[in-house]
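Undergrad: curious how this folds, go ahead:
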Amino acid sequence: MAANPLSGTSSVRYREYDLFGSIRRRVLVSIAATVGWLCLVLLYLAFWAGGFTLLQSIVVVVVSLLILAALLLGAWVSFGLRFVGRWPD
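TA: This is a model prediction of the structure:
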């Protein structure tokens, strides 16, 4: 018996339509990455930023935010590209 395509469970027959499982993983990874980034920034500012100037510390935080954004963008773009060309004009 095949799984319901909208239930979020994977099966061989409905793997192409497993939208909710894929979204669930990406949302959880996005939340975990954001919380991890916030913890990293707080640890950096609390312990390691003492030897840097204010401008250098701001640059470190901004660069780390750009890296996080690039990683999350890659994860979500790969999800969105699966649907290119599926809908008629």
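
Undergrad: where does pLDDT dip in this protein?
TA: 1-20, 86-87, 89 (pLDDT under 70).

Undergrad: other SSEs contacting the longest helix along it?
TA: When the chain is parsed with DSSP state H, its longest helix is helix 54-80. With contacts taken as 3 or more Cβ pairs under 8 Å, 6 or more residues apart in numbering; DSSP states H and E, helix 54-80 sits against helix 19-43. Yep, even glycine has a C-beta here, placed from its N, CA and C like the rest.

Undergrad: would you mark the buried spots in the helix it packs on?
TA: Residues of helix 19-43 classed as buried: Ser22, Trp37, Val41 (neighbour count, 16 or more other Cβ atoms under 10 Å).

Undergrad: nearest to Phe83 among those?
TA: Ser22 (11.1 Å; Cβ to Cβ).

Undergrad: contacting residues around that closest one?
TA: Residues near Ser22 by Cβ atoms under 8 Å, 6 or more residues apart in numbering: Phe79.

Undergrad: any idea how far it lies from Cys39?
TA: Distance of Ser22 to Cys39, given as Cβ to Cβ, to the nearest Å: 26 Å.

Undergrad: so how far is the longest helix of the chain from its chain's centroid?
TA: 10 Å (Cα atoms, centre = their mean, to the nearest Å).

Undergrad: quick one: buried residues of that helix?
TA: Buried residues in helix 54-80 (16+ other Cβ under 10 Å): Ser57, Val60, Val61, Leu68, Leu72.

Undergrad: so that helix versus helix 19-43, what angle?
TA: With axes from the mean of the first three to the mean of the last three Cα atoms, to 10 degrees defining the directions, helix 54-80 sits at 170 degrees from helix 19-43.

Undergrad: quick revisit: JSON lines please, covering the buried residues of helix 54-80 and showing distance to Arg82.
TA: As requested, those are exported to JSON lines (distance: Cβ to Cβ, whole Å):
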{"residue": "Ser57", "distance to Arg82": "39"}
{"residue": "Val60", "distance to Arg82": "35"}
{"residue": "Val61", "distance to Arg82": "33"}
{"residue": "Leu68", "distance to Arg82": "23"}
{"residue": "Leu72", "distance to Arg82": "17"}
